[in-house]
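Visitor: 3D, please:
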Amino acid sequence: MAAPVLAYENLGLVQGSGWLFRGIGLFVGARDRLALIGRNGAGKTTLLKCLAGVIDTDEGRRTIQPGTKVVLLEQDPPVAGFATLRDYALSGPNPPPVHEVEAIADQIGIDLDRDAATASGGERRRAAICRAIAMEPDVLLLDEPTNHLDLAAIEWLEDWLSRFTGAFVVISHDRTFLTRLTRSVLWLDRGDLRRAEIGFGGFDAWTEKVYEEEARAAEKLDAKLKLELHWLQRGVTARRKRNQGRLAKLNEMRATRAAMMGPAGAAKLGIQNDDAKTKVVIDAEDVTKGFGERTIIRDFSLRVQRGDRIGIVGANGTGKTTLLRLLTGEIDPDQGRIKRAQTLTGIVVDQQRKLMDPEKRVRDVLADGGDWIEVRGVKKHIQGYLKEFLFDPNMTEARIGTLSGGERSRLLLAREFARRSNLLVLDEPTNDLDLETLDLLQEVIGDYDGTVLIVSHDRDFLDRTVTITLGLDGSGKVDVVAGGYEDWMRQRRAAASQQNKSSAAAAKPAAAASRPTIKLTYKDQRDYDLLPGRIEEIEAQIASDEAALADPDLYTRDYPRFAALTAAIEKARAERDAAEERWLALAEKVEALAG
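Guide: Residues are numbered from 1 along each chain as shown. The predicted structure follows:
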């Protein structure tokens with residue numbers, strides 16, 4: 001094996017009254033693609049900063065090959081003190097070239113003249129990405145790079161990282177992002193760091209094996225420690241297995257909703273009988289909303305039933321927030337009508353994590369300083385309730401200011417989910433959450449007996465939770481699709497294919513009259529006609545292989561099959577991406593010929 005370009009031996013760091021971690025060893029090879037995974041509060045961000053040389057450790061030795069440039073993309077870009085985002089992007093002792101920063105800003109869609117003090121989280125994140133990439137790193141350390149980015153920016157970053165010739169270590173809650181890009185996993189768990197040379201797709205199965213080995217070892221421990229290990233390990237593994245069952249139920253719900261929607265492309269969800277009418281909680285008909293001269297939502301109709309889980313997706317600025325505010329009654333439409341059930345009572349879980357007073361204790365946030373909390377009408381002791389949300393039950397006295405960003409998010413979810421409601425509104429709920437908390441959130445949403453509205457850029461989370469996706473492209477039109485994010489993308493590809501074929505057919509006579517006939521080659525025409533179907537086949541195979549890979553016992557029972565499935569998924573994704581790029585290039589050629 002080639003010598004690592006960056007390594008740490010016997011890394012140890014004291015935090016508070018004890019060691020956050022000690023005796024950790026890790027290395028980064030020249031082309032490594034590493035996912036750094038761990039529960040909120042485990043120290044992932046701190047470890048990444050140690051690796052970057054930003055934090056001095058109490059023990060250990062950091063080595064780096066001469067000439068290796070290490071760049072850290074922080075979770076909260078430090079833009080304070082800079083007049084504009086451009087000033088921030090060009091800052092530092094060795095600032096990146098101006099032309100490189102400008103070129104990347106143009107590709108990722110950020111105006112660097114924006115006032116740094118008033119820039120949104122997504123704008124700050126884009127500026128930080130411009131700065132990091134333009135510095136031409138050999139090792140790129142990424143802390144939650146997809147937070148606050150829209151889908152277009154996430155996909156752009158994925159594409160750039162897939163072509164990146166250096167190494168990267170990434171902390172992320174975005175399963176799709178990790179699965180597509182990483183080849184090895186670093187798991188930071190209770191002060192220990194484990195490494196596995198598997199893609200993120202095999203992470204759950206690998207951790208199941210580790211937990212099983214620990215459970216066997218725990219038989220020799222005292223009762224108290226066995227109880228703690230059971231809560232930590234079995235709670236996580238049981239939740240994952242339950243959520244696999246929930247996915248099957250979710251697919252049944254999607255099929256039911258698809259049957260109610262009628263012809264493809266119809267936005268109005270039909271009502272089949274009187275019983276169904278009593279379940280309607282929001283009824284929008286021919287809704288249009290604009291600001292100034294721009295129409296944000298046009299001719300939108302939707303019947304939302306009790307129990308629907310609705311995802312709202314689209315690039316920043318396409319109208320997701322406007323649509324959410326219309327559905328919840330915060331604003332009124334310019335045209336059309338929206339009726340809501342009189343019994344509708346909602347709670348909104350948004351991005352107000354930073355507004356929690358850092359001096360308050362956990363018990364203050366949950367129970368106004370007491371020991372008991374009422375959870376949807378049932379009294380529970382806060383220690384028991386904390387366990388349900390993956391907290392140490394003894395942290396009731398902990399100050400909010402000592403919690404990580406992810407722990408604050410989890411505490412906010414715990415507080416809000418305790419309230420009585422029949423409408424749950426989640427605005428980017430996955431930001432700052434670890435993977436185990438996302439499993440928990442999936443479980444809570446699956447068990448919620450009311451209606452859920454989710455605005456999110458987390459593709460995997462949407463695919464695991466929603467029954468209907470509302471997709472916005474900025475034109476004012478809202479796609480209504482039974483299913484998740486991938487179902488929406490599949491419909492968009494099919495619609496684009498049909499539109500290009502229709503445009504080409506309609507323009508053919510006029511084009512023939514005005515210029516010499518220019519045709520696609522036989523191979524181009526064949527690829528143009530057949531690739532959409534082939535893409536569908538590949539996606540179906542990927543879904544089938546991923547379902548097989550979800551078996552928690554597969555890794556230990558049949559490792560060769562586990563490895564073969566992981567390799568097959570990676571190969572199929574590469575084939576699908578290449579097929580999509582080829583078809584899009586041909587579609588552009590068809591458009592040019594038609595014009």
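
Visitor: my read: residue 109 touches residue 154, true?
Guide: No: contact status for residue 109 versus residue 154: not in contact, 11.9 Å apart, counting by C-beta atoms under 8 Å. Placement of C-beta: from N, CA and C, glycine included.

Visitor: other residues contacting stretch 310-317?
Guide: Contacting residues not belonging to stretch 310-317 are listed as 122, 150-153, 304, 320, 323-324, 451-457, 462, 465-474, 484-485, 488 [C-beta atoms under 8 Å, 6 or more residues apart in numbering].

Visitor: if you look at the residues you listed, which of them are in helices?
Guide: Using DSSP state H, the subset of the contacts of stretch 310-317 located in helices is 122, 151-153, 320, 323-324, 462, 465, 485, 488.

Visitor: check these for burial and list the buried ones.
Guide: By neighbour count, with 16 or more other C-beta atoms under 10 Å, the ones in helices among the contacts of stretch 310-317 hold 122, 151, 153, 320, 323-324, 462, 465, 485, 488 as buried.

Visitor: what's the closest of those residues to residue 286?
Guide: residue 323 (14.5 Å; C-beta to C-beta).

Visitor: model confidence for the closest one, exactly?
Guide: At residue 323, the pLDDT value in this model is 95.

Visitor: ok, now which ones touch it?
Guide: Contacts of residue 323 (C-beta under 8 Å, 6+ apart): 296-297, 300, 312, 470, 472, 478.

Visitor: kindly recompute the last result at 10 Å.
Guide: Residue 323 is in contact with 284, 287, 289, 296-297, 300, 302, 312, 314, 453, 455, 470, 472, 478, counting by C-beta atoms under 10 Å, 6 or more residues apart in numbering.

Visitor: quick one: least confident helix or strand in this protein?
Guide: Least confident helix or strand of the chain, by mean pLDDT, DSSP states H and E, is helix 274-277 with a mean of 42.

Visitor: still on that earlier bit, which of the contacts of residue 323 ranks first by neighbour count?
Guide: residue 300 (27 neighbours; other C-beta atoms under 10 Å).

Visitor: that one falls within a strand, correct?
Guide: Yes: counting by DSSP: H, G, I helix; E, B strand; the rest coil, residue 300 is part of a strand.

Visitor: touching, it and residue 337? I think so.
Guide: No: taking C-beta atoms under 10 Å as the definition, residue 300 is not a contact partner of residue 337, at 11.3 Å.

Visitor: name the nearest residue to the most centrally placed residue in the chain, ignoring sequence neighbours.
Guide: The chain has residue 458 as the residue nearest its centroid, 2.6 Å off, counting by C-alpha atoms, centre = their mean. Leaving aside its chain neighbours, residue 458 sits nearest to residue 430 (4.4 Å; criterion: C-beta to C-beta, 6 or more residues apart in numbering).

Visitor: let me see the contact set for the one you found.
Guide: With contact taken as C-beta under 10 Å, 6+ apart, residue 430 is in contact with 146-147, 173-175, 409, 437-438, 441, 454, 456-458, 460-462.

Visitor: can you pull the contacts of the residue nearest to the centre of the chain?
Guide: 146, 151, 154, 172-177, 311, 313, 428-431, 433, 438, 464-465, 485.

Visitor: could you grab the helix/strand/coil label for the nearest residue to residue 202 once chain neighbours are set aside?
Guide: Once flanking residues are discounted, residue 202 sits nearest to residue 566: 5.4 Å by C-beta to C-beta, 6+ apart. Three-state call for residue 566 (three-state DSSP): helix.

Visitor: and residue 566, how far from residue 300?
Guide: Between residue 566 and residue 300 the distance is 41 Å, computed by C-beta to C-beta, to the nearest Å.

Visitor: just residue 123 next, same as before
Guide: Distance, residue 123 to residue 300, using C-beta to C-beta: 28 Å.

Visitor: what do you get for residue 429?
Guide: Taken as C-beta to C-beta, the span from residue 429 to residue 300 is 23 Å.

Visitor: what does residue 405 give?
Guide: 35 Å.

Visitor: surely residue 162 and residue 578 touch.
Guide: No: Residue 162 is beyond contact range of residue 578, at 11.6 Å (criterion: C-beta under 10 Å).

Visitor: on that earlier part again, got the phi/psi numbers for the residue nearest to residue 458?
Guide: Backbone torsions of residue 430, given as degrees, to the nearest 10, read phi -90, psi -10.

Visitor: returning to that earlier point: would you agree the residue nearest to residue 202 is in contact with residue 205?
Guide: Yes: between residue 566 and residue 205 a contact is recorded at 9.5 Å, counting by C-beta under 10 Å.

Visitor: for the nearest residue to residue 418 once chain neighbours are set aside, which residues make a bridge with it?
Guide: Distance criterion C-beta to C-beta, 6+ apart; nearest residue to residue 418, sequence neighbours excluded, is residue 375 at 4.4 Å. Assessed by DSSP bridges, residue 375 has beta-bridge partners residue 378.

Visitor: residue contacts, residue 375?
Guide: Contacts of residue 375 by C-beta under 10 Å, 6+ apart are 384-385, 388, 414, 417-420.

Visitor: what stretches of this structure score poorly on pLDDT?
Guide: Applying pLDDT under 70 to the chain flags the ranges 1-2, 215-244, 261-278, 350-355, 500-519, 550-553, 555-556, 591, 593-595.

Visitor: what sits against the nearest residue to residue 87 once chain neighbours are set aside?
Guide: Closest residue to residue 87 apart from its sequence neighbours, by C-beta to C-beta, 6+ apart: residue 116 at 6.9 Å. Counting by C-beta under 10 Å, 6+ apart, residue 116 touches 77, 79-89, 123-124, 127.

Visitor: pull out the buried residues from these.
Guide: 77, 79, 82, 84-86, 88-89, 123-124, 127.

Visitor: now render the residues you listed as JSON lines, adding secondary structure and distance to residue 557.
Guide: What follows is the buried ones among the contacts of residue 116, written out as JSON lines (DSSP: H, G, I helix; E, B strand; the rest coil; distance: C-beta to C-beta, whole Å):
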{"residue": "77", "secondary structure": "coil", "distance to residue 557": "45"}
{"residue": "79", "secondary structure": "coil", "distance to residue 557": "50"}
{"residue": "82", "secondary structure": "coil", "distance to residue 557": "55"}
{"residue": "84", "secondary structure": "strand", "distance to residue 557": "57"}
{"residue": "85", "secondary structure": "helix", "distance to residue 557": "51"}
{"residue": "86", "secondary structure": "helix", "distance to residue 557": "55"}
{"residue": "88", "secondary structure": "helix", "distance to residue 557": "51"}
{"residue": "89", "secondary structure": "helix", "distance to residue 557": "50"}
{"residue": "123", "secondary structure": "helix", "distance to residue 557": "48"}
{"residue": "124", "secondary structure": "helix", "distance to residue 557": "46"}
{"residue": "127", "secondary structure": "helix", "distance to residue 557": "48"}
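
Visitor: still on that earlier bit, farthest pair within the contacts of residue 116?
Guide: Longest span within those, C-beta to C-beta: 81 and 123, 16.4 Å.

Visitor: quick one: residue 184 from residue 50, how far?
Guide: 19 Å.

Visitor: thinking again about what came up before, look up how far residue 144 lies from the residue nearest to the centre of the chain.
Guide: Counting by C-beta to C-beta, the separation of residue 458 from residue 144 is 12 Å.

Visitor: next one: residue 34
Guide: Distance from residue 34 to residue 144, counting by C-beta to C-beta: 15 Å.

Visitor: could you do residue 547 as well?
Guide: Distance from residue 547 to residue 144, counting by C-beta to C-beta: 28 Å.

Visitor: again, but for residue 531
Guide: From residue 531 to residue 144 the distance is 35 Å (C-beta to C-beta).

Visitor: look at these two and report which has more neighbours.
Guide: Shown here are residue 531 and residue 144; by other C-beta under 10 Å, residue 144 has more neighbours (24 against 20).

Visitor: how about the strands in the stretch 251-400 of the chain?
Guide: Secondary structure of the stretch 251-400 of the chain, counting by DSSP state E, counting those that start in this stretch: strands at 280-291, 294-305, 309-314, 335-340, 346-349, 372-375, 378-381.
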